[in-house]
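>>> Pasted the sequence and its predicted model underneath.
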Amino acid sequence: MAGVTVDTSEDAALALDAEPDPANRRSDFLIPPAIGGDFPLTAYFAGNSLGLQPRATRAELMADLDAWEEYGVLGHTEADRPWVNYHEDLRGPAARLVGAVPREVVVMNTLTVNLHLLLASFYRPTTIRHRIVIEDSAFPSDSYAVRSHVAFRGHDPDTAVLRLRPRPGEDTLRTEDVVATLHDHAHSIATVMLGGVNYLTGEVMDMPAITAAGRQIGATVGWDLAHAAGNIPLELHDWNVDFAAWCSYKYLNSGPGSLAGVFVHERHLDDPSIPRLEGWWSTDPARRFEMLPISDPQSSADAWSLSNPPIFAMSPVRTSLQIFDEVGMSALRERSLRLTAYLRGLLENCPATQRSDIVTPAQDARHGAQLSIRVPVDPVDLTERLSANWGVVADDRRPNVVRLAPAPLYTSFHDCWRAVDAMSWELAEAGLA
Ligand SMILES: Cc1ncc(COP(=O)(O)O)c(C=O)c1O
């Protein structure tokens, strides 16, 4: 690791936490108690896997349950937050989060389901133009989704799925290499579908450049934003992205398995030539209860929605998105960059952790709130020890990566100090100091 000097003392961490910061909303979150170590609360670095619970979530969810108790079916129209329009409260905040105009977004289903629905519309293979491009290190669900789509349309997944790999000896993709691959296979690529932030390496892809290159060769371009939404600023509309989807249980703190978001660019919303899988929620709400056999699709991303919205799943999303609206992505990103740079500095300045490699790119534009660290020990064993002995919650990806994500809404500088202190002790214990 190269060295960027930071003050590595615990006092320095506490002093940083004492500085006022509007994006520090730690007191609005429930921090789990630590399993081990000297501190009562967990130092939580797994917000890239499952975000923490906002304090307000329980009361808001209870209020929605109370409405069900009080109104039964009449809650659709009579509840304080009528269920028939409930999803509308999510549209504005979700659009602001991803840089969309409101009618380009809808919150529904789960992430992989949404990727399938979007691929059904935007992957339209022909005999020649039939390939889908993904990263070789795409999250397995994405890989399974695109392989199954390709097979579903009668193509061979082993040849029709083009997997992007870093150069030999490198861990992350270079934009120029991605663009060159798109041009090299220009005539055979139907769709490009990549992770906006790679789940394994934490690399932020150059979404505007890759979207432009994909569209230039005549492909449709979609992004899996599971690790990007609520993590980095996004401008999906201006970047001309065709489609995108994201989950809300990571940086969006909406609870395990929570609902996902969908973006469809405005230019596709009124295009009748786009095939779509539909249900009764795709149709114009003004005509929904005419019970017609043929749908009259909405002129919004809601045309891709199928079912009536699950209110008790939407409630935590609504609560969480309010926090993002209050803080704003630019203040959040500023704090995120400070925290991540500090964590990187600590890792680089500590003799024990210097023996590990930070795989995540260092340039601000190329990382979010996650550092992926290649460790010289078994990562599963290390993360277990970090939790059991120190109350530090990280996660591991075999064969050799530990991921630390200082989620800026609730992770503190002192948490970062604790994580590196704990890693140093554990690596020293393993004889690696
Ligand atoms: C990048 C990415 N894509 C897809 C998924 C799958 O999400 P879901 O299980 O909500 O469909 C995940 C889950 O963590 C993910 O990180």
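Great, that's in hand.
>>> Before we move on, what's the pLDDT of the closest residue in space to residue 279 that isn't next to it in sequence?
The shortest distance from residue 279 to any non-neighbouring residue, by CB to CB, 6 or more residues apart in numbering, is to residue 306 (3.1 Å). All C-beta spots, glycine's among them, are computed from the backbone N, C-alpha and C. Note for residue 306: predicted pLDDT of 97.
>>> For the spatially closest residue to residue 296 that is not a sequence neighbour, grab the count of nearby residues.
Counting by CB to CB, 6+ apart, residue 284 is the residue found nearest to residue 296 once chain neighbours are left out, at 4.7 Å. Burial of residue 284 is recorded as 16 neighbouring residues (other CB atoms under 10 Å).
>>> Buried by neighbour count: which residues of whatever helix or strand residue 420 lives in qualify?
Taking DSSP states H and E as the definition, one finds residue 420 inside helix 413-429. By neighbour count on 16 or more other CB atoms under 10 Å, the buried set for helix 413-429 is 413-427.
>>> what do you get for stretch 126-141?
Buried-residue list, stretch 126-141, by 16+ other CB under 10 Å: 129-135, 137-139.
>>> and which of these is nearest the ligand?
residue 139 (3.5 Å; CB to the nearest ligand atom).
>>> partners of residue 403 in the sheet?
Beta-bridge partners recorded for residue 403 (DSSP bridges): residue 372, residue 395.
>>> what's the neighbour count on it?
Residues near residue 403, counting by other CB under 10 Å: 24.
>>> I figured it was touching residue 397, is that so?
Yes. At 6.5 Å, residue 403 counts as touching residue 397 under the criterion of CB atoms under 8 Å.
>>> Return the distance of stretch 224-233 from the chain's centre.
4 Å (CA atoms, centre = their mean, to the nearest Å).
>>> Tell me if that stretch is near the ligand.
Yes. Shown here: stretch 224-233 in contact with the ligand (CB under 6 Å from any ligand atom) through 224, 226-227.
>>> Compare these and tell me which is most surrounded.
residue 224 (30 neighbours).
>>> What residue, apart from its backbone neighbours, is nearest that one spatially?
residue 195 (4.8 Å).
>>> Distance-wise, check residue 322 relative to residue 52.
15 Å (CB to CB, to the nearest Å).
>>> Of the two, give the one with the bigger neighbour count.
Of the pair residue 322 and residue 52, residue 52 is the one with more neighbours under other CB under 10 Å, namely 22 against 15.
>>> need the contact list for the more buried one.
Contact analysis of residue 52 by CB atoms under 8 Å, 6 or more residues apart in numbering lists 29-32, 44, 253, 407, 410.
>>> what do you get for residue 364?
Each residue near residue 364 by CB under 8 Å, 6+ apart is listed here: residue 337.
>>> roughly how far apart are it and the ligand?
21 Å (CB to the nearest ligand atom, to the nearest Å).
>>> What's the per-residue pLDDT of that residue here?
97.
>>> cool, and the one 5 residues further on?
Confidence at residue 369, expressed as pLDDT, is 98.
>>> residues contacting it?
Here residue 369 is in contact with 47-48, 231, 251, 336, 339-340, 405-408 (criterion: CB under 8 Å, 6+ apart).
>>> any idea which of these is the one closest to the ligand?
Nearest to the ligand among the contacts of residue 369 is residue 48, at 8.3 Å by CB to the nearest ligand atom.
>>> how about the residues of the stretch 201-350 of the chain near the ligand?
Going by CB under 6 Å from any ligand atom, the residues of the stretch 201-350 of the chain near the ligand are 224, 226-227, 247.
>>> And these, which is closest to the ligand?
For those, the residue nearest the ligand by CB to the nearest ligand atom is residue 226; the value is 3.6 Å.
>>> How about that closest one: what's its closest non-neighbour residue?
Nearest non-adjacent residue to residue 226 (CB to CB, 6+ apart): residue 247, at 4.9 Å.
>>> hmm, back to that, between residue 403 and residue 397, what contacts are shared?
residue 372.
>>> what about residue 9, distance to residue 371?
21 Å.
>>> out of the two, which sits in the more crowded spot?
Neighbours were counted for residue 9 and for residue 371 using other CB under 10 Å; residue 371 has more, 25 against 10.
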